[in-house]
Every structure is written in structure tokens, then in C-alpha cells.
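*Asks:* What would the 3D arrangement of this be:
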Amino acid sequence: MPTSIATLFYAALILGLFWLDRDHRARASAALWLPVIWLSLAGSRSVSEWLQLTPPGASTALYLEGDPINRVVYSSLVGLGLVVLAFRGPKVLRLLQANGVVVVFLLYCALSLTWADYPDVGFKRWVKAIGDFVMVLIVVSDREPSVAIRRLLARTGFLLIPLSVLMIKYYPELARYYSVWDWTTNYCGVTTNKNSLGAICLLFGLASAWQFLAALYGEDRTGRNRRLIAHGAMLAMVIWLFRFTNSMTALACFLLGIAVLLVVEFRAIARKPFMVHVLVASLIAVPSAVLFVGLSPGVLKMMGRDPTLTDRTLIWDLLLAMTTNTWFGTWFGTGFENFWLGPRLEKIWSMYRWGPAQAHNGYIEIFLNLGWIGVALLAVILAIGYHKVMTDLSRRPSTGKLMLAYFVIGVVFNFTEAAFFRISAPVWFALLLAITKVPIVVETAPARIRPSLKSRSRAPEPRRIPQLVRS
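*Replies:* Numbers count the residues shown, from 1 in each chain. As a prediction, this is how the structure comes out:
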């Protein structure tokens, strides 16, 4: 098929997915397009990368200077998001109070810039981290949060997944790259590397699986066949893309998320918190044992990985040694998003020619930048977030199922990738969406009681007082 015709076909396919998934009864505010744009950029490429204005190859200077075009775009989105939240003042204040631990963590990140080597770089990245929270607040402060979540994931997924298929098949110069070590072909789709492509397949594949199961087993039959077709097509494209990603972390987390969605579909299990706790503990403990304890090394071999997790465990020892040489670094870290900058980055790249730019473990990454205090705050966030997810599962089972799946894959994904508080990690956005608490008073606005037309059509007649008749 010629490229131009294929482009038109996939454009029609995207429009068709939007049409099939329509629901005129559920309404979301126009401001929801801000999180859609934000998540689309986080899950694909930055504006300068789409415009091909970023210089090829990574350099330590690029990490320090950043990109002015991206800075303007992200700052504008954050500014517009703050304006939207300002108009929703009372709702947002209640949301901030309910999620105080996340606010405290972000404030500690800002405080850590006072002892960072590059506070200006850390501040720019802190603004982006604030942007994630702002966009999540826009979603959960919408008039119907569950509808907003569904629309956000559907709109973004309908854009990124079909475009990845199109680019891999018909624009290989933009969607493929070669490994500098063995010259094998890697596929990235709308993203910049295979792991990022795996991350968006994980995130939006689970969202479509959730929608597909809801249409298949849910009580609402309105538009059932349309939704089954739309999200069935999405799942087919996600499975096709997983064949090319070679991202074992994303694929393993996708299977874990599917297991969560299928198991909690049984009401006998979903209604018993103890059984759900056992399920979650098992799905987190088994990967931990395989990855860190060495249990069943044959599993790693079957997945095409060695015991070092492709040199990840080797670099962990080096990173921890570079941070724990002082008591201050152990407890407070190097400052928010400051570890992978300057001389430290140059030293690591001189030892590892493949140029790592993250610890490939979210918990170690938090420790490097924020020390044990940051790790402790993260643990509190996850503990409170899990309680919120379990509350959602009992109070709003439909949305709660997906939030539970996102929580599990968010915890496990960070075993081998650093995704916490990173704008380029859509898995973190999904986890933040799952753990953000929505007070009941925000979720359900009180209905206005209006008098009926019948009661307003006629005023009450004055009471007649009988008069005495004189004889």
C-alpha cells in the first residue's frame, strides 16, 4: 500500500475508533484536552523531537542545557492547567488536602534543590513533575472523574497506538533504529526507544482491556458492540506492537495487569479484601523473588535476560557507592533530578559506553536524588495510595479495577525502570492517577432541586375563611 494511502487509512481508523467509542450520555469538560496533550507528549516524543530540532546523539551538555522549545510548551501547558484549577478552587483545595502526602513530597523535592549542584536544572524538571500532578488534578476534579479517566485514556490511546503501527510499517526511517552494538533493528513507533514503546503499549493496552471487559460483562448494553469493536481493535494493535518492542518489563507488567483485571472480575474475589490483598502481594512478591533473590533463574532465561538484567545489577552497585560515601548523601541525596548531571554522568558514561541516563530502578533512583527521606516519603505515598485503590475497588468497582491494575504494574515496573516522578514515563502518570484520592464531596456534586412545572404553573389559592351569616 502506498504511504499516502496508508496514512489516509490510519487517519480514518483513528476517527473510526473515536466514533465507535462515543457516548453522548457521559460528558467531560473541554479542559480534559490539556491532560490528553500532556500525556500524548509524555508517551511519544517532545515537540522539538517531532520537529526534528534536537541534535542527534546524547551528550552531558544537552542534559544540562535542556531545550527551549520544550520548556515553553511544557510551561504553557502547566500554566493553562493552573488556570483551570483556579476556576475549580473549592474542589481543588479539598483534593490537595486529601492528597497532602504527595504535596509534601513535591515540596521536599523543591527543598532538595537548595543543596543540589545544579538547582536551575532541577527546578525545570520539578516544574514538569508539578505538571503531572496538575494534569491528574484536572482529570479527577472533572464533573464526573470516572468519565474523565475513561475519556483521557481512550483519546490518548486512540492516537498513539495506531500512529505507532503506521510509523513502523510505512515510516521506518522515523520509527526504527539500529543498536550500536550488534546492529539489530529496534522499533520505537511514536516514541524514541523500544522501552518507551513498550510502556505506552502497557498503559493503553490495559485501558482497552478494561474497557473491553466492561463492555463484555457490564450491565450497560448501550453501544456495547461498538465499544467491543473499538477496544478489540486496540488490543489487537497492542499485541502486534509487543512483538516488536522486545521490552520484557512492559510485557511482563502487561500480563500482570491483565491477570488483575481478570481475577477481580469475579465478584466473589473483588468483594473480599483479604483475597485481593493476597493477590496483590503475590503479584509483587513473585517478580521481586525472580529479579532480586535469584529464585527460578530459568524464568529470566526464558524471557531472554541474564542474571544481571542486562547489566542493571552491575550499575546499581556503582551508583549506590557514589551516593553513600557521605552521611548527607545517604539521608538527603544529591537533590531532585541532579544525580545524572555533571561529573557523575561523565564518570558513568566513561565506564558504560551504552550511556545510561537512569538507574533502571525507580526506588534506587529516588534514593540517589532524595536519600532515605525521599524513599520513606515514597513508601508512605504508596501505602496510602494502596488504601485509596482498595477503597475505589469497593466503592467504584468499575474504575477501581483499572486503578488496582495500574497500582500493581506501577510498583513492579519500577523494579527495572525508573519511572517515579518522570514526565517521560507515562506509567508514572497512570500510577499517580490511581493513587490520587478523590473525596466523595468532590466526586459527587449535590443535585439542584428545582420545582416542577406543574408546581410552578399555579400559585396556591388563598384559604377561604367562612363568614357568619346573621339571621
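*Asks:* just the strands in this structure please.
*Replies:* For the chain, the strands identified by DSSP state E occupy 176-178, 185-187, in order along the chain.
*Asks:* Looking at those, which one is packed in the most?
*Replies:* Of all these, strand 185-187 carries the top mean neighbour count, a mean of 17, counting by mean count of other Cβ atoms under 10 Å. In short, each C-beta sits where N, CA and C put it, glycine included.
*Asks:* That one packs against which elements?
*Replies:* Helices and strands in packing contact with strand 185-187 are listed as strand 176-178, helix 194-217, helix 224-245; criterion 3 or more Cβ pairs under 8 Å, 6 or more residues apart in numbering; DSSP states H and E.
*Asks:* redo that, cut-off 7 Å
*Replies:* In this structure, strand 185-187 packs against strand 176-178, helix 194-217, with contacts taken as 3 or more Cβ pairs under 7 Å, 6 or more residues apart in numbering; DSSP states H and E.
*Asks:* quick one: low-confidence parts of the stretch 351-471 of the chain?
*Replies:* Using pLDDT under 70 as the threshold, the predicted model of the stretch 351-471 of the chain has low-confidence ranges 424, 441-471.
*Asks:* how about 50 then?
*Replies:* Applying pLDDT under 50 to the predicted model, the residue ranges of the stretch 351-471 of the chain that meet it are 445-471.
*Asks:* Let me see the ranges of the helices in it.
*Replies:* Remark: helices of the stretch 351-471 of the chain, listed N- to C-terminal, are 362-395, 397-413, 426-435, 440-443, 453-457; assignment by DSSP state H, counting those that start in this stretch.
*Asks:* What is the distance between the third one and the centre of its chain?
*Replies:* In this view, helix 426-435 has its centroid 4 Å away from the chain centroid, taken as Cα atoms, centre = their mean, to the nearest Å.
*Asks:* buried stuff in stretch 89-98?
*Replies:* Applying a neighbour-count criterion of 16 or more other Cβ atoms under 10 Å, the buried positions in stretch 89-98 are 91, 92, 94, 95, 98.
*Asks:* Over to stretch 277-286?
*Replies:* Of all the residues in stretch 277-286, those buried under the rule 16+ other Cβ under 10 Å are 279, 280, 283, 284.
*Asks:* my read: the last one touches residue 410, true?
*Replies:* No: under the criterion of Cβ atoms under 7 Å, residue 284 lies out of contact with residue 410, with a separation of 10.6 Å.
*Asks:* What is the neighbour count of residue 74?
*Replies:* When neighbours are defined as other Cβ atoms under 10 Å, residue 74 has 21 of them.
*Asks:* ditto for residue 26
*Replies:* Residues contacting residue 26 under the criterion other Cβ under 10 Å number 13.
*Asks:* residue contacts, residue 229?
*Replies:* Counting by Cβ atoms under 7 Å, 6 or more residues apart in numbering, residue 229 touches residue 20.
*Asks:* Residue 215 versus that one, what's the distance?
*Replies:* 9 Å (Cβ to Cβ, to the nearest Å).
*Asks:* again, but for residue 399
*Replies:* In this structure, residue 399 lies at 15 Å from residue 215, with Cβ to Cβ as the measure.
*Asks:* what's the answer for residue 82, then?
*Replies:* As defined by Cβ to Cβ, residue 82 lies at a distance of 36 Å from residue 215.
*Asks:* same deal with residue 392?
*Replies:* 20 Å.
*Asks:* Now residue 207: closest residue in space that isn't a chain neighbour?
*Replies:* residue 153 (3.9 Å; Cβ to Cβ, 6 or more residues apart in numbering).
*Asks:* same deal with residue 232?
*Replies:* Beyond its immediate neighbours in the sequence, the residue positioned closest to residue 232 (Cβ to Cβ, 6+ apart) is residue 212, lying 6.1 Å away.
*Asks:* ok, back up a step: count of neighbours near the residue nearest to residue 207?
*Replies:* Residue 153 is surrounded by 24 other residues when neighbours are defined as other Cβ under 10 Å.
*Asks:* Same check on the one 5 residues further on?
*Replies:* Burial of residue 158 is recorded as 24 neighbouring residues (other Cβ under 10 Å).
*Asks:* so it touches residue 15, yeah?
*Replies:* No: using Cβ under 7 Å, residue 158 makes no contact with residue 15, being 9.1 Å away.
*Asks:* Could you report the neighbour count for the residue lying closest to residue 164 once chain neighbours are set aside?
*Replies:* In space, residue 164 comes closest to residue 189 once its chain neighbours are excluded; the distance is 2.8 Å by Cβ to Cβ, 6+ apart. The local packing count at residue 189 equals 30, with neighbours defined by other Cβ under 10 Å.
*Asks:* what's residue 189 in contact with, if anything?
*Replies:* Contacts for residue 189 (Cβ under 7 Å, 6+ apart) come out as 164, 167, 168, 175, 197, 241.
*Asks:* Residue 170 - how many residues pack around it?
*Replies:* In terms of burial, residue 170 registers 18 neighbours under the definition other Cβ under 10 Å.
*Asks:* Go ahead and confirm it touches residue 2.
*Replies:* No: taking Cβ under 7 Å as the definition, residue 170 is not a contact partner of residue 2, at 8.7 Å.
*Asks:* that older thread, can you say which of the helices and strands packed on strand 185-187 is nearest to residue 104?
*Replies:* Closest of the helices and strands packed on strand 185-187 to residue 104 is helix 194-217, at 26.6 Å (criterion: Cβ to Cβ).
*Asks:* other SSEs contacting the closest one?
*Replies:* Counting contacts by 3+ Cβ pairs under 7 Å, 6+ apart, the secondary-structure elements packed against helix 194-217 are helix 145-170, strand 185-187, helix 224-245, helix 248-263, helix 397-413, helix 426-435.
*Asks:* residues making contact with the second one?
*Replies:* So the one you mean is strand 185-187. Outside of strand 185-187, the residues that reach it under the criterion Cβ under 7 Å, 6+ apart are 168, 175, 176, 177, 178, 179, 194, 197, 244, 245.
*Asks:* Now, of these, which are buried?
*Replies:* The neighbour-count test (16+ other Cβ under 10 Å) applied to these identifies 168, 175, 176, 194, 197, 244, 245 as buried.
*Asks:* if we can go back for a sec, residue 82 and residue 215: which has the busier surroundings?
*Replies:* residue 215 (22 against 15).
*Asks:* can you tell me which residues contact that one?
*Replies:* Listed by Cβ under 7 Å, 6+ apart, the contact partners of residue 215 are 224, 227, 228.
*Asks:* Show me which of the residues you listed is closest to residue 372.
*Replies:* Each of the contacts of residue 215 was checked against residue 372 using Cβ to Cβ; the closest is residue 227, at 46.5 Å.
*Asks:* wouldn't the closest one be in contact with residue 211 here?
*Replies:* Yes: using Cβ under 7 Å, residue 227 is in contact with residue 211, at 6.2 Å.
*Asks:* which one of the helices and strands packed on helix 194-217 lies closest to residue 134?
*Replies:* Proximity to residue 134, assessed across the helices and strands packed on helix 194-217 by Cβ to Cβ, is greatest for helix 426-435 (10.9 Å).
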